[in-house]
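# fold the following and give me the result.
(chains A, B, C and D)
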2 protein chains.
Amino acid sequence: MASQTRQSQRRRQVLSRERIVEAAIELLDTTGESALTVRMLTERLSTGSGAIYHHVGTMNDLLEAASDTVIANALAVPPAADTPEDEIRAVALALFDAATEHPWLAAQLAAQITRNPWGSVTLRIFESFGRPMRALGVPQPDWFTTTSTLVHYFIGATTQGPHDGGKPERAEFLDTAFEAWQNLDPDDYPFITTIAAQMRDHDDRRQFLTGIDLVLKGIVARVDHAA
Amino acid sequence: MASQTRQSQRRRQVLSRERIVEAAIELLDTTGESALTVRMLTERLSTGSGAIYHHVGTMNDLLEAASDTVIANALAVPPAADTPEDEIRAVALALFDAATEHPWLAAQLAAQITRNPWGSVTLRIFESFGRPMRALGVPQPDWFTTTSTLVHYFIGATTQGPHDGGKPERAEFLDTAFEAWQNLDPDDYPFITTIAAQMRDHDDRRQFLTGIDLVLKGIVARVDHAA
DNA sequence: GCCAGCTTTGGAACACCGCTCCAAGTTGGA
DNA sequence: TCCAACTTGGAGCGGTGTTCCAAAGCTGGC
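Model (predicted):
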C-alpha cells in the first residue's frame, strides 16, 4: 500500500534538473540563502540526496544553475529602445531589478564570477551589454575594454546594492550607518563625514542609473576625444 | 605608569587578536581560502578553539578583520601625486595589487560588502577614493554619487579580476575560455564571438586602469556639461 | 511475458565544519 | 596570601556537503 502511494507520487512528479533548480530558487527566495541545503531540498522534493547529486552535480553547480536561470530570465525579453544608450539602460535595469527581487542573487553573482570569471553568467551579461555597445560609435578594438568597464560597474553596484527594497527596515539601517559615519573623527575621515548625509538620503535605483550614465558618458567622451 | 601596565599586559598575552588575524592571513595566502578553518588555526597557533573565539568573535569576524587589515595596509602609504586623477589611479592600483597579492581578497571583499554594505571595508575604500574626488571639480552634492560609481567599478573589476598573475596557468585558462567563446553560435552571441580574441589577449592590470580612466572621464565630462 | 542492462532513487554513513560550553590554568590587585 | 577576573585548551553538539550502494523503475530485444 505504502509503496503504491510512493509510486504514484513519483510518477506524477518526475525528478529532473530543471525541477530541482526551480525548487532551489523558490527555497532561496522564500527562506533565504542559508536555508538552501541538500537536506532541505530532499525534504521539499520528497527524495534523497543521491537523486539530487545524480541530476545536478555539486551544490555549487546548483547555485550556479540557479543564478544562471534567474539571469537568463531577466535578460529574456529583448529591450525595446530607440538609442543604444537606452538599450544599455534597459539591460542594466532588468538585471538590477532581478537582483532586487532575488536578494541572494548579488552574493551568488559575485561568488560565481570570482570562481569562474568567464563562465556562463559572465557570458550572458557580457553579450547583453556588448550588443548595443557596437552601435555606440566605439571603435571595434575597444569593444572588449569598454564593455568590461560597464559590466564591472554593474557587478560592483549589484554586489553592494540593495539589501532590501524601500522598506522601513532600510531607512533604519541607513540611519544607523549615517550616525556612525557622522561621529567619525573629521581629521581621519574628512570625506566620509562630509557626505554622510548624502549616503543616508540616496536612492539605490536612481544612483545605479546615474552610475550607468556616467560610465556611458565616459565611453562616449573617449570616442569623441579619439575622433 | 599606564604604558608599563600596557606593555606587561602585552608581554603576558601569548595569544592576541592581532596574532590570530596575522596567522589567518598567512594561512589564507599560503594554503588557500578553503584551508582557513578554526581547527587549522588552533593547530597553527597551538591552542584551542575556545581561545580563538575569545579573542575574535565568529569566523566571519575573523575574515572581515583579515580583509580589513590587508586593505588598511594597502591604503596606509599616502599616494604622492600631482593631480587628483593621479591620486585616484594610485589608490586604485594599490588596492588592485593587494587583491593580486592575496588571491582570497576578491571573494572576501565581495562577501563582506554584500553582508554589510556600509561596514569598515567600504568605509576605508570610500574615504580613499573620495578624498581626491573633492579636488576634481565635482560639485559637492554629487560627491557621493560619483565616488560610489568609482568604488562600484573597482569592486566589480576586483571581483572578476585576476585569478592568477602572469603565470602560464592563466594563458592556458584564457585559451580555454577563448575557444569556448569562439565556438558559440554567432547568431546567438554575435558580440561575444566578435570580441573573443580581445578577451584572450587582454591584460588585466592595464584594462583595470583604462576602466578607471574611463569612469574618471565620465565624471569630468559630467562636470563640464553642467558648467 | 520475460529478463538483462541501464538509469534513477532513497538513505545510511563519513569526514569535516563552526560553534558552545566548561573545567582548568593564569594573572594581578587588595 | 587570596580571590575574582581573565585566558586557555579541548570535548562535544548539531549541522553541512558529499559518497556510496542496494534496491527499484524502466526499456528494448527476444
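# next, count neighbours for residue A:90.
Taking other Cβ atoms under 10 Å in any protein chain shown as the criterion, the count of residues near residue A:90 is 17. (Glycine included, C-beta is placed from N, CA and C.)
# what is the neighbour count of residue A:174?
Neighbours of residue A:174 under the rule other Cβ under 10 Å: 16.
# skip the chain neighbours and tell me the closest residue to it.
residue A:200 (4.9 Å; Cβ to Cβ, 6 or more residues apart in numbering or on different chains).
# any idea how far that neighbour is from residue A:209?
Between residue A:200 and residue A:209 the distance is 19 Å, computed by Cβ to Cβ, to the nearest Å.
# can you tell me the element whatever residue of chain A ends up closest to DNA strand C falls in?
Closest residue of chain A to DNA strand C, Cβ to the nearest atom of the strand: residue A:50 (1.9 Å). Taking DSSP states H and E as the criterion, the element that holds residue A:50 is helix A:49-55.
# same check on residue A:147?
helix A:143-160.
# pLDDT of that helix, averaged?
Average pLDDT, helix A:143-160: 97.
# is that helix anywhere near chain B?
Yes - using Cβ under 8 Å from any Cβ of the partner chain, helix A:143-160 reaches chain B at A:143-149, A:151-157, A:159-160.
# likewise stretch A:54-70?
No - between stretch A:54-70 and chain B, judged by Cβ under 8 Å from any Cβ, nothing touches; the nearest distance is 11.9 Å.
# where does chain A dip in pLDDT?
A:1-13, A:162-166, A:223-227 (pLDDT under 70).
# let me see the domain layout of it.
Domain assignment for chain A by automatic domain parsing gives A:2-57, A:67-226.
# winner for burial among those?
Mean neighbour count (mean count of other Cβ atoms under 10 Å in any protein chain shown) peaks for domain A:67-226 among the domains of chain A, with a mean of 18.
# against which helices or strands is the helix holding residue A:50 packed?
For helix A:49-55, the packing partners by 3 or more Cβ pairs under 8 Å, 6 or more residues apart in numbering or on different chains; DSSP states H and E come out as helix A:17-31, helix A:38-45.
# let me have those helices in a markdown table, adding distance to chain B as columns.
Output for the helices and strands packed on helix A:49-55, formatted as a markdown table (distance: least, Cβ to the nearest Cβ, whole Å):
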| stretch | distance to chain B |
| --- | --- |
| helix A:17-31 | 14 |
| helix A:38-45 | 19 |
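# out of those helices, the one nearest residue B:68 is which?
helix A:17-31 (28.6 Å; Cβ to Cβ).
# now the closest one, how far from the centre of its chain.
Counting by Cα atoms, centre = their mean, to the nearest Å, helix A:17-31 is centred 16 Å from the centre of its parent chain.
# next, the angle helix A:38-45 makes with that helix.
With axes from the mean of the first three to the mean of the last three Cα atoms, to 10 degrees as the basis, helix A:17-31 and helix A:38-45 are set at 110 degrees to each other.
# you'd agree residue A:193 is up against residue A:179?
No - using Cβ atoms under 8 Å, residue A:193 makes no contact with residue A:179, being 11.6 Å away.
# in PDB, list the C-alpha atoms belonging to the longest helix that chain A contains.
Longest helix in chain A by number of residues (criterion: DSSP state H): helix A:204-226. Below are the C-alpha coordinates for helix A:204-226, written out as PDB (Å, rounded to 0.1, in the frame of the first residue of the first chain):
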ATOM      1  CA  ASP A 204      19.800  52.900  -4.800                       C
ATOM      2  CA  ARG A 205      18.000  52.500  -8.100                       C
ATOM      3  CA  ARG A 206      18.400  56.100  -9.100                       C
ATOM      4  CA  GLN A 207      22.000  56.200  -8.200                       C
ATOM      5  CA  PHE A 208      22.600  53.000 -10.100                       C
ATOM      6  CA  LEU A 209      21.200  54.500 -13.200                       C
ATOM      7  CA  THR A 210      23.300  57.700 -12.700                       C
ATOM      8  CA  GLY A 211      26.300  55.500 -12.500                       C
ATOM      9  CA  ILE A 212      25.500  53.700 -15.700                       C
ATOM     10  CA  ASP A 213      25.000  57.100 -17.400                       C
ATOM     11  CA  LEU A 214      28.300  58.300 -16.000                       C
ATOM     12  CA  VAL A 215      30.200  55.300 -17.400                       C
ATOM     13  CA  LEU A 216      28.400  55.700 -20.700                       C
ATOM     14  CA  LYS A 217      29.400  59.400 -20.800                       C
ATOM     15  CA  GLY A 218      33.000  58.300 -20.200                       C
ATOM     16  CA  ILE A 219      32.800  55.800 -23.100                       C
ATOM     17  CA  VAL A 220      31.300  58.400 -25.500                       C
ATOM     18  CA  ALA A 221      33.800  61.000 -24.300                       C
ATOM     19  CA  ARG A 222      36.600  58.600 -25.200                       C
ATOM     20  CA  VAL A 223      35.100  58.200 -28.600                       C
ATOM     21  CA  ASP A 224      34.800  62.000 -29.200                       C
ATOM     22  CA  HIS A 225      38.300  62.500 -28.000                       C
ATOM     23  CA  ALA A 226      39.700  59.900 -30.300                       C
END
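# now it and helix A:143-160, what's the angle there?
Going by the same axes, to 10 degrees, helix A:204-226 is angled at 160 degrees with respect to helix A:143-160.
# show me what helix A:204-226 packs onto, helices and strands only.
Looks like helix A:204-226 contacts helix A:84-101, helix A:143-160, helix B:143-160, helix B:204-226 (3+ Cβ pairs under 8 Å, 6+ apart).
# got TSV for the ones you listed, with distance to residue B:85 too?
TSV is the format used below for the helices and strands packed on helix A:204-226 (distance: least, Cβ to Cβ, whole Å):
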stretch	distance to residue B:85
helix A:84-101	25
helix A:143-160	16
helix B:143-160	11
helix B:204-226	6
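# TSV for those, including distance to DNA strand C?
As requested, the helices and strands packed on helix A:204-226 are arranged in TSV below (distance: least, Cβ to the nearest atom of the strand, whole Å):
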stretch	distance to DNA strand C
helix A:84-101	26
helix A:143-160	22
helix B:143-160	22
helix B:204-226	30
